[in-house]
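Q: What follows is a predicted structure for the sequence shown.
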Amino acid sequence: MATTVQVTFDCADPDRLATFWAEALGYKKQDPPQGFDSWESFLAANNVPEALWTSRSAIVDPEGNGPRFFFQRVPESKTVKNRLHLDLNIGGGPGTPEHERRQRVDAALERLVRLGATVVRTVEEPMEHFVVMQDPEGNEFCIQ
């Protein structure tokens, strides 16, 4: 049996980061458990203190193929570079003409900046073009 993978982000604002990454990845916020019309009703039914209701969020691939992303509030802020980051391969891959890959990356860059990301740097190497970015809480990721 294969192991299921979940990607977890420690963060200050789980809902904001979940919203950003759902848009960035084409995911959706996870629906509440069956039998509940909202997460609030589920949490209330399970006696979770209201102060904790915004301490977590999750997004899922609407087609059920990709991993679940979980966002949990932590007290400390991010202070150093990530040792692990996501690469968003949106350019179309090696078989796609370079000018098309570049157009796709540039369009994604503009969309992600509108969502709250920032550009760290653009990397140009032989047969390689990618952009290092940060999400709204400073977590690094690349688009290529």
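A: Sure thing, it's come through. Numbers count the residues shown, from 1 in each chain.
Q: going forward, measure contacts and count neighbours with C-alpha atoms only.
A: Noted.
Q: following the longest helix that the chain contains, which helix or strand shows up next?
A: Counting by DSSP state H, the longest helix found in the chain is helix 98-115. As assigned by DSSP states H and E, the chain's next helix or strand after helix 98-115 is strand 118-125.
Q: Between helix 98-115 and that following strand, find me the angle.
A: Orientation check (axes from the mean of the first three to the mean of the last three CA atoms, to 10 degrees): strand 118-125 against helix 98-115 gives 170 degrees.
Q: Can you pull up the most central residue in this structure?
A: Taking CA atoms, centre = their mean, the centroid of the chain lies closest to residue 21, which sits 2.8 Å from it.
Q: who touches that one in this structure?
A: 27, 59 (CA atoms under 8 Å, 6 or more residues apart in numbering).
Q: For residue 48, see how far away it is.
A: Distance of residue 21 to residue 48, given as CA to CA, to the nearest Å: 25 Å.
Q: circling back to that earlier point, doesn't the residue nearest to the centre of the chain lie inside a strand?
A: No: using DSSP: H, G, I helix; E, B strand; the rest coil, the assignment for residue 21 is helix, not a strand.
Q: Which pLDDT value goes with it?
A: Predicted confidence (pLDDT) for residue 21: 98.
Q: buried set for the longest helix of the chain?
A: For helix 98-115, the neighbour count (16 or more other CA atoms under 10 Å) marks 98, 101-102, 104-106, 108-109, 112, 115 as buried.
Q: What mean pLDDT does it get?
A: Averaging pLDDT along helix 98-115 gives 93.
Q: what does it rub up against?
A: Contact partners of helix 98-115, identified using CA under 8 Å, 6+ apart, comprise 20, 23-24, 90-93, 118-119, 127, 129-131, 143-144.
Q: Mind doing that once more with 10 Å?
A: Defining contact as CA atoms under 10 Å, 6 or more residues apart in numbering, one finds that helix 98-115 is touched by 19-21, 23-24, 88-96, 117-119, 127-136, 142-144.
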